[in-house]
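Undergrad: take this sequence and fold it.
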Amino acid sequence: MLKQLVLITALGTAAILSGCESMPSSSATSTQNPQLLQNRTWVATHIGNTAIQTSPQARNIPSIQFDEATKRVSGADGCNRIMGSYSVNRDTLQLSQMAGTRMACLNNNNIDRDFNDALAKVTHYKTIGKTLQLLDRYGNPVLKFESAVQPR
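TA: Numbers count the residues shown, from 1 in each chain. Alright, predicted model coming up:
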């Protein structure tokens with residue numbers, strides 16, 4: 001009976017320790033670093049949990065760029081050009097003075113409206129590899145982006 005108890009305890013401890021070792025720490029997979037956010041083009045892939053379907057030939061593909069030198073944000077919402085200013089800290093992101101062009105875009109499934117509604121909710125960000133998530137105040141992703149490959 002004692003051998004069985006020791007064996008069960010040893011197996012349980014080994015399972016717990018191996019589970020802890022195999023789980024990556026959040027700092028290894030997720031980074032809040034302004035340098036990873038800035039000076040690159042981010043192409044939108046999701047608004048909330050909804051995937052964005054755009055043609056590579058489409059004009060004004062939903063995207064965003066953060067210029068470190070000027071602290072200006074620019075991009076497109078799927079129809080219009082957008083611009084504004086931003087401030088960033090370790091994991092917070094504040095967008096302000098956002099403006100955009102006002103073109104009439106047909107048949108875009110309201111991507112521009114949904115994109116701008118999501119941008120208005122952004123308070124935090126998270127980069128994971130080549131992925132950027134813009135988060136609301138509750139930590140929920142409102143926009144997801146992939147880093148665009150820049151032509152040389």
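
Undergrad: you'd agree residue 43 is up against residue 132?
TA: No: using Cβ atoms under 8 Å, residue 43 is not in contact with residue 132; the gap is 9.7 Å. For every residue, glycine as well, the C-beta is placed using N, CA and C.

Undergrad: got any residues that touch both of the two?
TA: By the contact definition Cβ atoms under 8 Å, 6 or more residues apart in numbering, residue 43 and residue 132 are jointly contacted by 145-147.

Undergrad: ok, residue 43 and residue 132, which is more surrounded?
TA: Taking residue 43 and residue 132 together and counting by other Cβ atoms under 10 Å, residue 132 has the greater number of neighbours (25 against 18).

Undergrad: how far is the strand or helix carrying that one from where the chain is centred?
TA: Using DSSP states H and E, residue 132 maps to strand 131-135. Put simply, strand 131-135 sits 1 Å off its chain's centre (Cα atoms, centre = their mean, to the nearest Å).
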